[in-house]
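> model this:
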Amino acid sequence: MKVLSVAAIGALLTGPAAQAQDSAWFDAIEGMSASEMGTVMLEGQEHGAIVRIEDRTQDMTPPGFRDYTLLERPERVGDACTRISWYVTLNTMDGGVSTHSARPFRQVALSREDPCEFADFATLAEEVSTDEAVAMLQLAADFEALDRPISCRDETDSGLCRSDNYTRMNVGYLKLNRIAHLDEGGYRLWMGQPFTQLEVPAEEDAPIVIHRRIPAPF
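Modelled structure (predicted):
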């Protein structure tokens, strides 16, 4: 199958209306593999094999732009899996298509038995190492039985903080989405929906602070 370059796809996008451009764009990529689409979208970028592409274009995406997530093939590192996820925005205006931006993010998952392709990955802030991420993923996986005090605050009507056991059980069900450092040491974890945030201090006897909140509107 022929791999189309950005210039080649751009030549297909000649309609003046955004709807026509979208139609031409879908016609251009029809039948292309994820790897071939990755070659087009990440032209000029050093990257691994792209195995999956997710269309993130929403109503809030500006007209003439399309948003995608491109996932590289994951690699196993002991009990963990690592991969790079690209957030890509394409500009389909001016009678052509080009990559407006392409940002890579590191992701890590725990997966002792299942293939990495089926693991739940967490995105890492730039300063977080793979070993740190594995430790926080393990903490999240063991949260219900964790021998550490907790503090809970809930701004929604979910009842998350009704009891210590209830809080631990429900947080233990949540998927860990993102990991970052706290300024004062320790880690900030973003888990599940609706927007449950954990602050894990570096001191092991300090309570883990759980905060469930309503997200600010755009």
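> Tell me, how many residues neighbour Glu184?
By the criterion of other CB atoms under 10 Å, Glu184 has 8 neighbours. Bear in mind the C-beta positions are built from the backbone N, C-alpha and C, glycine included.
> Please list all residues in contact with it.
Glu184 is in contact with Pro201, counting by CB atoms under 8 Å, 6 or more residues apart in numbering.
> Can you tell me the SS state at the residue most central in space within the chain?
In the chain, the residue lying closest to the centroid (CA atoms, centre = their mean) is Thr123, at 5.4 Å. Three-state assignment for Thr123 (DSSP: H, G, I helix; E, B strand; the rest coil): strand.
> residues contacting it?
85, 105-107, 177-179.
> Just put these in TSV and tack on pLDDT, distance to Asp164 and neighbour count.
Below are the contacts of Thr123 laid out as TSV (pLDDT from 0 to 100; distance: CB to CB, whole Å; neighbours: other CB atoms under 10 Å):
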residue	pLDDT	distance to Asp164	neighbour count
Ser85	97	35	17
Phe105	97	34	16
Arg106	97	34	19
Gln107	98	31	22
Asn177	96	24	16
Arg178	96	25	16
Ile179	97	24	25
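> for the residues you listed, which one is nearest Arg212?
Relative to Arg212, the closest of the contacts of Thr123 is Asn177; by CB to CB it sits at 13.8 Å.
> Partner strands of the one helix or strand that closest one maps to and their direction?
Taking DSSP states H and E as the definition, Asn177 sits inside strand 176-181. According to DSSP bridges, strand 176-181 has the following sheet partners: strand 122-124 (parallel), strand 187-191 (antiparallel).
> Would you enumerate the residues in contact with the spatially closest residue to Ala80 that is not a sequence neighbour?
Nearest residue to Ala80, sequence neighbours excluded (CB to CB, 6 or more residues apart in numbering): Val134, at 5.0 Å. When contacts are counted by CB under 8 Å, 6+ apart, Val134 is found next to 79-80, 108, 110.
> that older thread, export the strands paired with strand 176-181 to CSV and tack on distance to Arg56?
Formatted as CSV, these follow (distance: least, CB to CB, whole Å):
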stretch, distance to Arg56
strand 122-124, 14
strand 187-191, 17
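> looking at those strands, which is closest to Glu46?
Closest to Glu46 of the strands paired with strand 176-181, according to CB to CB: strand 122-124, at 19.0 Å.
> Is Leu198 in a helix, a strand, or coil?
Under three-state DSSP, the three-state class of Leu198 is strand.
> I figured it was touching Pro207, is that so?
No. Using CB atoms under 8 Å, Leu198 is not in contact with Pro207; the gap is 10.7 Å.
> Between the two, which is the more surrounded one?
Using other CB under 10 Å, the more surrounded residue of Leu198 and Pro207 is Leu198, with 24 against 14.
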